[in-house]
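*Asks:* sequence and predicted model, in that order:
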Amino acid sequence: MMGMLAMSTLRETRITKLLSQADLSRLTGMSESNISRLERGLQKPRFVTIRKLAKALKVKPSDLTFPGLQR
């Protein structure tokens with residue numbers, strides 16, 4: 001599903017990379033509250049947001065939208 005973010009995957013990936021929400025905020029230019037809303041599933045991201053998060057986390061956008069999908 002385009003634009004759907006696996007919220008638990010975003011949080012897990014951020015924590016695995018040893019980043020706080022504040023760190024991710026600085027890397028993406030997004031507010032901490034926006035990142036928090038995404039992680040809690042209170043906000044649906046646009047694809048450009050998913051790409052921005054993926055770049056900051058050094059993963060593919062599909063890693064955040066379709067966790068576990070093998071290609």
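*Replies:* Structure's in. What do you need? Numbering: from 1, shown residues only.

*Asks:* can you list the residues that contact the strand or helix carrying Leu53?
*Replies:* If you go by DSSP states H and E, Leu53 is part of helix 47-57. Contacts to helix 47-57, defined as Cβ atoms under 8 Å, 6 or more residues apart in numbering, come from residues 2-3, 5, 10, 13-14, 17, 19, 24, 27-30, 38, 45, 60-61, 63-65. From N, CA and C alone the C-beta is placed, and that goes for glycine too.

*Asks:* and that helix, how far from the chain's centre?
*Replies:* Here helix 47-57 shows a centroid-to-chain-centroid distance of 6 Å under the convention Cα atoms, centre = their mean, to the nearest Å.

*Asks:* check stretch 27-35 too.
*Replies:* Using Cα atoms, centre = their mean, the offset of stretch 27-35 from its chain centre is 10 Å.

*Asks:* same thing with stretch 28-38?
*Replies:* Worked out by Cα atoms, centre = their mean, stretch 28-38 lies 9 Å from the chain centre.

*Asks:* how long is stretch 37-45 from one end to the other?
*Replies:* Terminal residues of stretch 37-45 lie 10 Å apart, using Cα to Cα, to the nearest Å.

*Asks:* give me the distance from that stretch to the chain's centre.
*Replies:* For stretch 37-45, the distance to the chain centre is 9 Å (Cα atoms, centre = their mean).

*Asks:* in it, which residues are buried?
*Replies:* Within stretch 37-45, the residues scored as buried using 16 or more other Cβ atoms under 10 Å are Leu38, Glu39, Pro45.

*Asks:* thinking again about what came up before, could you pick out the buried ones from the contacts of helix 47-57?
*Replies:* 5, 10, 13-14, 19, 24, 27-28, 30, 38, 45, 61, 63-65.

*Asks:* export the buried residues of stretch 37-45 as a markdown table, with columns for secondary structure, distance to Ala56 and pLDDT.
*Replies:* A markdown table is the format used below for those (DSSP: H, G, I helix; E, B strand; the rest coil; distance: Cβ to Cβ, whole Å; pLDDT from 0 to 100):
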| residue | secondary structure | distance to Ala56 | pLDDT |
| --- | --- | --- | --- |
| Leu38 | helix | 12 | 93 |
| Glu39 | helix | 14 | 91 |
| Pro45 | coil | 13 | 89 |
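
*Asks:* right, I'll call it a day here.
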